[in-house]
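Asker: Any chance you can model this:
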Amino acid sequence: MNAAASPPASDTGPFVAITGGTGLLGSYLVRDLLLAGRNLALIVRRDRKKSAATRVEALVRHWEDALETALPRPVVLEGDLTEPLCGLTAEDRHWMHWNCGELLNNAASLSFRGSDRAAEPWLTNVTGTRHALALAREVGIEHVHHVSTAYVCGLRSGTVAEDDLDVGQAFGNDYETSKCEAEKMVRAAGFASTTVYRPSIIVGDSQTGYTSTYHGFFAGLRLGHTLLTRVVKGSTSGPALLALLGVNQADHKNFVPVDWVAEVIAHAVQTPAARGRTFHLTHPDPLSMHTVGRVIQEAVETFSVGASPDDPDLCDEQWFADNLRSQLDVYQSYFRNDPVFDRRHTDAIAGHIPCPPLDDATLLRMSHFAIETDFGRRPARTPASTT
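Answerer: Numbers count the residues shown, from 1 in each chain. Below you'll find the model as predicted:
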């Protein structure tokens, strides 16, 4: 859809421009904001096979099928965050000037390592944020919403306040460093209001198990699933393998379901009292690493197909552990013990939206979805959530 041919803002208010709308969290934000009747303009790049408009149409149809209801179409602005002013034409920027009142910057790279600042995660997280802010200034947007991460805290321990940012902390990886740089840039940009959302590690849908990205919890699950094809079921122990990785089973990690994160952000975007604040979108009950290891073990031994005892290439548990260690090295910093994330701002604005419990049944449902779809290699119809 060409922005210049699109209708002007309607009675539901000015448009919210969104970056990163085709990713996991972005797709849920699009769903929730469309269901709330908000006018949306998605800044989306074309890929090698599909135009931006085709990608957005597929996204909306995806939710229409899942929810069994018709949804309005967002305006599509074909661009690229890696280019100045997000690569938008003068015509599209003119349209934004007259129609867009807010920017929700949700685009992010989850790459943990990258020494080249012209590549990821720096290209999207820092350069892309700079371009998005410059675009917002040019078209006269006054209110900016920015999706950061709780892990801008780096290697801090103890309690981290929602208003804390740069306190001289060290970082565990380049992702955390790049997100901290981006948040500092956003805060210094001088818009009428800057609202920051800091989710912890996002996992799948709490009700359906659906996900389209496989980081954090799913990294261990995917490796366990893959490597189990080389060992007999029952010969591995999830907690023992995590211990071999140097993970203290008493440590805790903070995982949050994507549907809850999107619901809280969508609510805050529509709540004037939330403007200008920072929100830790974190779970009040972090998971112990013992629980993570136990659930991974149960999921893999329940849903994965292990090797046959007669397989001549059969390997032992030590082989499994060594491979898990080498392949999960990049995730080591995420498996460290988390600090306590203060949630007073979040509870004040969204206390009526409780974070769903990540009990065994929920985690196994997410694990089953991931294994059943071969971690995104096989397409799956998304069942509807009842949010």
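Asker: Could you use CA atoms for every contact and neighbour count after this?
Answerer: Fine.
Asker: Contact partners for residue 336?
Answerer: 247, 251, 252, 253 (CA atoms under 8 Å, 6 or more residues apart in numbering).
Asker: In strands, which of the residues you listed appear?
Answerer: 252, 253 (DSSP state E).
Asker: So what does residue 55 look like in phi/psi?
Answerer: Backbone torsions of residue 55, given as degrees, to the nearest 10, read phi -70, psi -40.
Asker: Adjust the sequence numbering to begin at 38 for everything that follows.
Answerer: From this message on, residue numbering opens at 38, which makes the last subject residue 92.
Asker: Next one: it relative to residue 181, how far apart?
Answerer: Residue 92 sits 25 Å away from residue 181, going by CA to CA, to the nearest Å.
Asker: which one of those two has more residues nearby?
Answerer: residue 181 (28 against 17; other CA atoms under 10 Å).
Asker: So what are the sheet partners of whichever strand or helix holds the more buried one and their directions?
Answerer: Applying DSSP states H and E as the criterion places residue 181 in strand 180-184. Partners of strand 180-184 in the sheet, by DSSP bridges, are strand 137-142 (parallel), strand 230-236 (parallel).
Asker: can I get those in CSV with mean pLDDT?
Answerer: As requested, the strands paired with strand 180-184 are exported to CSV (pLDDT from 0 to 100):
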stretch, mean pLDDT
strand 137-142, 98
strand 230-236, 98
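Asker: Next, the contact list for residue 183, please.
Answerer: 141, 142, 143, 220, 223, 231, 232, 233, 234.
Asker: If we use 6 Å, what do you get?
Answerer: Neighbouring residues of residue 183 by CA atoms under 6 Å, 6 or more residues apart in numbering: 141, 142, 233.
Asker: what about it, distance to residue 401?
Answerer: 31 Å.
Asker: The nearest residue to residue 208 once chain neighbours are set aside - how many residues pack around it?
Answerer: Take residue 208 and drop its neighbours on the chain: the residue closest to it by CA to CA, 6 or more residues apart in numbering is residue 191, 4.2 Å away. By the measure other CA under 10 Å, the count of residues near residue 191 is 22.
Asker: next one: residue 175
Answerer: Counted with other CA under 10 Å, residue 175 comes out at 14.
Asker: Please apply the same query to residue 195.
Answerer: Number of residues near residue 195 (other CA under 10 Å) recorded here: 9.
Asker: again with residue 347
Answerer: Residues near residue 347, counting by other CA under 10 Å: 8.
Asker: of the contacts of residue 373, closest to residue 157?
Answerer: The nearest member of the contacts of residue 373 to residue 157, counting by CA to CA, is residue 290 at 24.6 Å.
Asker: And that closest one, how far from residue 372?
Answerer: For residue 290, the distance to residue 372 - CA to CA - is 7 Å.
Asker: could you dump the strands paired with strand 180-184 to TSV with distance to residue 305?
Answerer: Shown next, in TSV, are the strands paired with strand 180-184 (distance: least, CA to CA, whole Å):
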stretch	distance to residue 305
strand 137-142	11
strand 230-236	9
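Asker: could you dump those to TSV with mean neighbour count and distance to residue 60?
Answerer: Converted to TSV, the strands paired with strand 180-184 look like this (neighbours: other CA atoms under 10 Å; distance: least, CA to CA, whole Å):
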stretch	mean neighbour count	distance to residue 60
strand 137-142	24	12
strand 230-236	22	15
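Asker: out of those, which comes closest to residue 54?
Answerer: strand 137-142 (4.7 Å).
Asker: and the next element down the chain from the closest one?
Answerer: helix 159.
Asker: Flag every buried residue along stretch 390-401.
Answerer: 392, 393, 394, 395, 399, 400, 401 (16 or more other CA atoms under 10 Å).
Asker: what's the helix or strand for the fifth one?
Answerer: Under DSSP H and E, the secondary-structure element containing residue 399 is helix 397-409.
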